[in-house]
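Peer 1: Model the following, please.
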Amino acid sequence: MSTQQTVLGEACPPYPQPRPRLPTNFPTVLKEFTREVLRAQPHDILEWSAEYFKQLALLSDPSCRVQQAKTPQSDLNYAKAHATSPVATPVKEENGKGREEEEEEEVLTEEVLLLALASLDESHKGVISIQELRGVLSEHFKLSPVQYLFLITALPTTVTHQDDIIEYETFVKQCAFLLPFLQHIEQDFDSVVHQNPDVEIHGMNREDLEREFSNYFFELDKECKGVISWGEYCDAILDAPIPLTGRDVQIITLECKRYRSDYGEEVAYTEEIQHLFERLILSFYLNEFISKVIEGG
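Peer 2: Predicted coordinates for the structure are as follows:
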């Protein structure tokens, strides 16, 4: 019996360990810490860091404030000058920043985002999944779903749709200037899709567009199952019956819902067709916005 138990024990895979997650406010804390390091240029970074976080905790945690009476006045002055956080001393965001401030914010954004994404790269291959990237940008940088699509389609980074992976170091370098911009603007991208129900895209209204793609996918679905593989869907979008822009293709594939089956990942194309019109309208407006605001067109 013991032998059998040993064999079974060896055959059973270990329980999957939960992936550690960064605390929600970690990027903010790290960003402010990096900002103060750049300003202070300390000779002894370890001693300076220890004092920084000690004073930050003192100002941020009510349970620590009883010790203020024992804290030298010089330490309190230091904390007030250097311990910036959402709890202690919020950073005031203003319009019309100088280029030096913008460059500083870009550096901070790049460092914080790179660290957050690298923490997900357990294999150290320099790539993560699109889903992981989306989670970080949503949870830690508070981007809306449409802002995320704007960011990832505004950059020249090549996304491998079939594999759903992205080289995050390249992505971070490219988006460092754009991410702070997105966080500060108040553009309501979500509303533009529903502004005009009679609008046409690529010279077609909703009904014509859905009919065109329905006929197209029915021809590809030889077995009439209502689903095709994820790879077939990506290829079909690239060879669509109407000329699609690169941003059109990216948004359609990034937003596609997939189902796992015995045959791999599949797409219920009849469901996706119902969303194509809104996605193409959104792509058009994002393109207009990038042309006018980002590129100065």
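
Peer 1: Backbone dihedrals for residue 246, both of them.
Peer 2: The phi/psi pair for residue 246 (degrees, to the nearest 10) reads phi -60, psi -40.

Peer 1: Now for the closest residue to residue 269 other than its chain neighbours, which secondary structure element holds it?
Peer 2: Leaving aside its sequence neighbours, residue 269 sits nearest to residue 217 (Cβ to Cβ, 6 or more residues apart in numbering; 4.4 Å). C-beta coordinates here come from the backbone N, C-alpha and C atoms, glycine included. Residue 217 is part of helix 206-220 when elements are defined by DSSP states H and E.

Peer 1: Please spell out which residues along that helix are buried.
Peer 2: 206, 209, 210, 212, 213, 216, 217 (16 or more other Cβ atoms under 10 Å).

Peer 1: Likewise for stretch 281-290?
Peer 2: In stretch 281-290, counting by 16+ other Cβ under 10 Å, buried: 281, 282, 283, 284, 285, 286, 287, 289, 290.

Peer 1: Output those in a markdown table; the columns should cover distance to residue 132, pLDDT and secondary structure.
Peer 2: Formatted as a markdown table, the buried residues of stretch 281-290 follow (distance: Cβ to Cβ, whole Å; pLDDT from 0 to 100; DSSP: H, G, I helix; E, B strand; the rest coil):
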| residue | distance to residue 132 | pLDDT | secondary structure |
| --- | --- | --- | --- |
| 281 | 28 | 91 | helix |
| 282 | 23 | 90 | helix |
| 283 | 23 | 91 | helix |
| 284 | 28 | 90 | helix |
| 285 | 27 | 86 | helix |
| 286 | 23 | 86 | helix |
| 287 | 26 | 85 | helix |
| 289 | 26 | 80 | helix |
| 290 | 25 | 75 | helix |
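
Peer 1: related to what we said a few turns ago, contacts for the helix holding residue 217 next, please.
Peer 2: 201-202, 204, 224, 228, 232, 236, 240-242, 269-270, 273-274, 276-277, 280 (Cβ atoms under 8 Å, 6 or more residues apart in numbering).

Peer 1: On the C-terminal side of the strand or helix carrying residue 135, identify the next helix or strand.
Peer 2: Following DSSP H and E, one finds residue 135 within helix 130-139. Counting by DSSP H and E, the next helix or strand C-terminal to helix 130-139 is helix 145-154.

Peer 1: name the helices or strands packed onto that following helix?
Peer 2: Helix 145-154 sits against helix 130-139, helix 178-184, helix 189-192, helix 246-254, helix 269-289, with contacts defined as 3 or more Cβ pairs under 8 Å, 6 or more residues apart in numbering; DSSP states H and E.

Peer 1: Kindly reformat those helices as a markdown table containing distance to residue 155.
Peer 2: Output for the helices and strands packed on helix 145-154, formatted as a markdown table (distance: least, Cβ to Cβ, whole Å):
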| stretch | distance to residue 155 |
| --- | --- |
| helix 130-139 | 12 |
| helix 178-184 | 7 |
| helix 189-192 | 16 |
| helix 246-254 | 10 |
| helix 269-289 | 12 |
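
Peer 1: I'd like to know which of the ones you listed lies nearest to residue 48.
Peer 2: For the helices and strands packed on helix 145-154, the distance to residue 48 is smallest for helix 178-184, at 25.9 Å, taking Cβ to Cβ.

Peer 1: Which positions in the closest one come out as buried?
Peer 2: Neighbour-count burial for helix 178-184 [16+ other Cβ under 10 Å]: 178, 179, 180, 182.

Peer 1: Just to check, residue 177 is in contact with residue 107?
Peer 2: No. Residue 177 lies out of contact with residue 107 (Cβ atoms under 8 Å); the separation is 10.3 Å.

Peer 1: Kindly list the main-chain dihedrals of residue 41?
Peer 2: Dihedral angles for residue 41 - degrees, to the nearest 10 - are phi 50, psi 60.

Peer 1: when you give positions from now on, start the count at 632
Peer 2: In the new count, where the first residue is 632, that last one comes out as residue 672.

Peer 1: Tell me, how many residues neighbour it?
Peer 2: For residue 672, the neighbour count with other Cβ atoms under 10 Å is 8.

Peer 1: Could you report the pLDDT at it?
Peer 2: On the pLDDT scale, residue 672 is placed at 77.

Peer 1: can you tell me how far it sits from residue 679?
Peer 2: 10 Å (Cβ to Cβ, to the nearest Å).

Peer 1: Between its first and last residues, how far does stretch 887-895 reach?
Peer 2: 15 Å (Cα to Cα, to the nearest Å).

Peer 1: Not counting that stretch itself, show me its contacts.
Peer 2: 858, 860, 861, 864, 896, 897, 898, 899, 902, 903.

Peer 1: Swap in 10 Å and give it another go.
Peer 2: The contact list for stretch 887-895, computed with Cβ atoms under 10 Å, 6 or more residues apart in numbering, reads 792, 795, 858, 860-862, 864-865, 868, 896-900, 902-903, 906, 910.
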